[in-house]
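K.L.:
here is a sequence together with a model predicted from it:
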Amino acid sequence: MAKFEKVEVTTDLLILGGGMAACGAAVEAAYWAKKNGLKVTLVDKAAMDRSGAVAMGLSAINQYVGLHEGKNTVKDYVDYVRMDLMGIIREDLVANIARHVDSTVHLFEKWGLPIWKDAEGRYVHEGRWQLMINGESYKVIVAEAAKNALQEAGGEYFERVFITEPILDGDRIAGAIGFSTRENKAYVFRAKSVIVAMGGAVHVFKPRSTGEGLGRAWYPPWNSGSSAYFTLRAGAEMTSQEVRFIPVRFKDAYGPVGAWFLLFKSAATNAMGGNYMIERKDELESWKPYGLVKPIPANLRNWLGMLDVMEGKGPIFMRTAEAIQKIAADAGDEKAAKKKLKELEAEAWEDFLDMTISQAILWAANNVEPEKRSSEIAAAEPYFIGSHSGASGAWISGPEDLQNGQTKNDYFWGYSHMSTVKGMFCAGDASGASSHKFSSGSHAEGRICGKAAVKFVVENNTLPSMDTAAVDKMIEAQFKPLDVFAEFSGKTTDPEINPHYIKPKMFMFRLQKIMDEYVGGVSAQFATNKACLDRALELLAFLKEDSANLAAADLHELLRCWENVQRLWQAEAHTRTILFREETRWPGYYRRTDFPTMDEANWHCFANCRWIPGKNEWEMIKRPMLHLYPKAQEHELVGG
Ligand SMILES: Cc1cc2nc3c(=O)[nH]c(=O)nc-3n(C[C@H](O)[C@H](O)[C@H](O)COP(=O)(O)OP(=O)(O)OC[C@H]3O[C@@H](n4cnc5c(N)ncnc54)[C@H](O)[C@@H]3O)c2cc1C
C-alpha cells in the first residue's frame, strides 16, 4: 500500500460537508457547544467558501415564509409542498423547517447578504416564497459566518478532505474515515455524534450534456451521493429514494427558467406554437386532486411538455422574444419601453451570470439573443436532492412538540432530525421526505440538527468505542485504487485501457448507461417497468463487483473513484425503490409503464429502504403518510 500518514481527530460533534446545511449546523452547534464545553469539527471535501450547490451564487432565496408579515402561515407552506410532491411528505419536518427558516434568512442579511427591498423597506418577492438577492457571494458570506462561529467556540474545520465510510459502534455512529485530496493523509474522525450534510447526487443518470459538454449539469456535478452512501452504509433507513427531481431548463446549459416565467410572464410552447399548458389541461384531471392545484405541481408541468415531445411536437421553446415585446408594448411610450427593457435585461443577465454562466456563454457561442429569438428548453436528467424539489434522503425523527397522538409513534424517536442510527443526524439534501427546503431551509435544518446533536452529546457523553483493526482495513480499502493502478498500469501501453482495472470515468459511463436505458433516463423518455428495473439491478450488481477493480493514478482520481462508488449506491437504492412502489405518482419525474396510474389506496405512503450492514441485504418498508394538519379539501386547493 502507498505510504499515507494516519491523522486521528477526536471531537464531540462531527459535521460532514461544508455546504448550506453544514454551515447552518456549524453556526448553531458552535453556540450550544461553547455553553457545554464541547468541541465541534467540520469536514468538507472542497473549500467552504465556494463548495456545494450554492458555489457560484444564486439570485433568489427560495424559501422565506414571512411569518411576521402575516401573509403566510406554516400550514400554507406545508400545503404547498404536500401538493407539489403529490401528497407524499412528512408534514412535521416541513413545518419544523418552515417555522425556523425566516430567522435563518434574517441571519444571512445580518451577515451581509444583500436582499432586495422596495421603497417601503419590504423584501422584494420573485414569487410567493422567494426573495430576490444579490447573491454572487451568497456562499462566501454563509461560509464565513460558519468558520467564525467554529473558531470562536474552539472548534476546527478541515477542507479538501473527502469522507468515504462511516465508523460504527453497534447501532451508534462513532465517526468517519476519509482522505486528503491534496496530501498523502488518511483521516480518522472519532465523534460522539455526526451530522451528515454532504449534498445530493448528480451524474447518476446519463446527462444530456455529453462529449464536449460533459460536466455541465443543472445541479453541481461534484455532489456525488456522499450523503446517501454514508447513511446507507451506516444502516440508516432511507425514504423517498424513488423521488428524483427533473427540472425543465434552457437546453444544454441548464439556465434558470423561473425568472422568465415569473418576471417576464413568458410562455413555453411546442415547435408548432401550441401551448401545452393550455392544450393539455384536461390531462391534469387524471392526477386529481394534485393536478387541480395552483401552482400546478412541477412534475405535472413537466409531464404536459413531455407528452408533446413524445408525440413528436418538439423542440419546446421558451418564447423569450414575444415576452419581451409584450412588456415593451405594455410600457406605453417608446421611452418607457426602452427603460423597462433595460431594467429587465439587467435582471435577466444577473439571473444567468449569478448561477449559470455557461448559459450566457452558450447563447453567445450560438448567436442567440434571447430578446430577439426563442430559446429551447428541455427536461434535464434526473437528480437526487432532498432539499430542492426532490425528496430522497434519510428517514429522520421529527420534533416532539409538533407531533400528535397519531404521528408520535411513527415520526418521533428522541432527537429532532436524527436518523434511525443513534447519534447520526441529517440535513439539507441528506434528509428525506421534506422537500422544498432550498438554500435557506437547508441552512435552517442544519441549525435544527446542530442544536439537537449537541443535546444528544450532552445526554450521551461517552466516546463510542472503535475497532482499530477494522478501521485500518477500511483505510486500506479506501486507498486500494491507487495500489491497483500501481500494480497493473505498466501492463498496457495506454494506462487508460487495461484488462486488470477500470478507471472511474469509464465506471461512471457504465453506471449512467444502465440508469439511462433501464431506469428511465432521458433516452428512455423517463419510462421504466419491472423487466427494465430487474435488468438494471442485474447490471448494477456486475458493476458493484467491478468496483473492487477501480484504479486511480493519483489522489484526484481516487476522489473520482469514490464519487462513483457512492453514485452506484444511490443508483441501487433508487432502482430498488422504484421497483417497490408499484404505481406512477410523479409522471413528470418517471413513469412505470406497467403501473401507469396513481394508486392512492395502496401507495399513499412512504416507500423506504435499508441496507443491512453485515448481512449485505436490502429491506423494503412501507411507512404511513400521517397528517399534522387537516387535509385540505379539494375546493380549497383549486385555484388556491
Ligand atoms: C443550479 C441551482 C439552482 C438553485 N437555485 C436555488 C435558488 O434559486 N434558491 C434557493 O434557495 N436554492 C436554490 N438551489 C438549492 C440549494 O442550492 C440547495 O438546496 C442547498 O445548497 C442544499 O444544501 P446542502 O448543504 O444539502 O448541500 P450543498 O450546499 O450542496 O453542500 C454539500 C457539501 O458537502 C460537501 N461534500 C460532498 N461530498 C463530500 C464528501 N464525500 N466529503 C466531504 N464533504 C463532501 C460539498 O463539498 C459541499 O460543501 C439551487 C441549486 C442549484 C444547484
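P.N.:
Yes, it's here.
K.L.:
for the rest of this, base every contact and every neighbour count on C-alpha atoms.
P.N.:
Noted.
K.L.:
what about residue 324, distance to residue 434?
P.N.:
Distance, residue 324 to residue 434, using CA to CA, to the nearest Å: 36 Å.
K.L.:
those two: which is more packed in?
P.N.:
residue 434 (35 against 23; other CA atoms under 10 Å).
K.L.:
which residues touch the more buried one?
P.N.:
89-91, 93-94, 386-387, 391 (CA atoms under 8 Å, 6 or more residues apart in numbering).
K.L.:
change it to 10 Å
P.N.:
78, 81-82, 85, 88-97, 240, 386-393, 395-396, 427-428, 441 (CA atoms under 10 Å, 6 or more residues apart in numbering).
K.L.:
near the ligand, list only the ones from these.
P.N.:
Of the residues in the contacts of residue 434, proximity to the ligand by CA under 6 Å from any ligand atom holds for 387-388, 428.
K.L.:
can you give me the helices for the stretch 351-500 of the chain?
P.N.:
For the stretch 351-500 of the chain, the helices defined by DSSP state H, counting those that start in this stretch occupy 357-365, 408-411, 438-459, 468-488.
K.L.:
typo on my end, the stretch 201-350 of the chain
P.N.:
Going by DSSP H, counting those that start in this stretch, the stretch 201-350 of the chain shows helices at 226-233, 258-262, 276-279, 298-310, 320-330, 334-355.
K.L.:
and the fifth one, what does it pack onto?
P.N.:
I take that to be helix 320-330. helix 258-262, helix 334-355, strand 375-379 (3 or more CA pairs under 10 Å, 6 or more residues apart in numbering; DSSP states H and E).
K.L.:
if you set the cut-off to 8 Å instead, what comes out?
P.N.:
In this structure, helix 320-330 packs against helix 334-355, with contacts taken as 3 or more CA pairs under 8 Å, 6 or more residues apart in numbering; DSSP states H and E.
K.L.:
in the helix it packs on, what's buried?
P.N.:
337, 340-341, 344, 348, 350-355 (16 or more other CA atoms under 10 Å).
K.L.:
nearest to the ligand, of the residues you listed?
P.N.:
residue 355 (6.2 Å; CA to the nearest ligand atom).
K.L.:
what parts of the stretch 201-350 of the chain come near the ligand?
P.N.:
Within reach of the ligand by CA under 6 Å from any ligand atom, the stretch 201-350 of the chain has these residues: 218-220, 223, 226.
K.L.:
and the residues you listed, which are buried?
P.N.:
Those of those that meet the buried threshold are 218-220, 223, 226, by 16+ other CA under 10 Å.
K.L.:
turn those residues into JSON lines, columns for pLDDT and distance to residue 149.
P.N.:
Listed next are these as JSON lines, based on pLDDT from 0 to 100; distance: CA to CA, whole Å:
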{"residue": "218", "pLDDT": "91", "distance to residue 149": "31"}
{"residue": "219", "pLDDT": "90", "distance to residue 149": "28"}
{"residue": "220", "pLDDT": "89", "distance to residue 149": "27"}
{"residue": "223", "pLDDT": "95", "distance to residue 149": "25"}
{"residue": "226", "pLDDT": "98", "distance to residue 149": "25"}
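K.L.:
can I get those residues in a markdown table including distance to residue 475?
P.N.:
Shown next, in a markdown table, are those (distance: CA to CA, whole Å):
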| residue | distance to residue 475 |
| --- | --- |
| 218 | 33 |
| 219 | 30 |
| 220 | 28 |
| 223 | 22 |
| 226 | 17 |
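K.L.:
list the ones among these that fall in strands.
P.N.:
Among these, none falls in strands (DSSP state E).
K.L.:
name the nearest of those residues relative to the ligand.
P.N.:
When these are compared against the ligand (criterion: CA to the nearest ligand atom), the nearest one is residue 219, at 3.8 Å.
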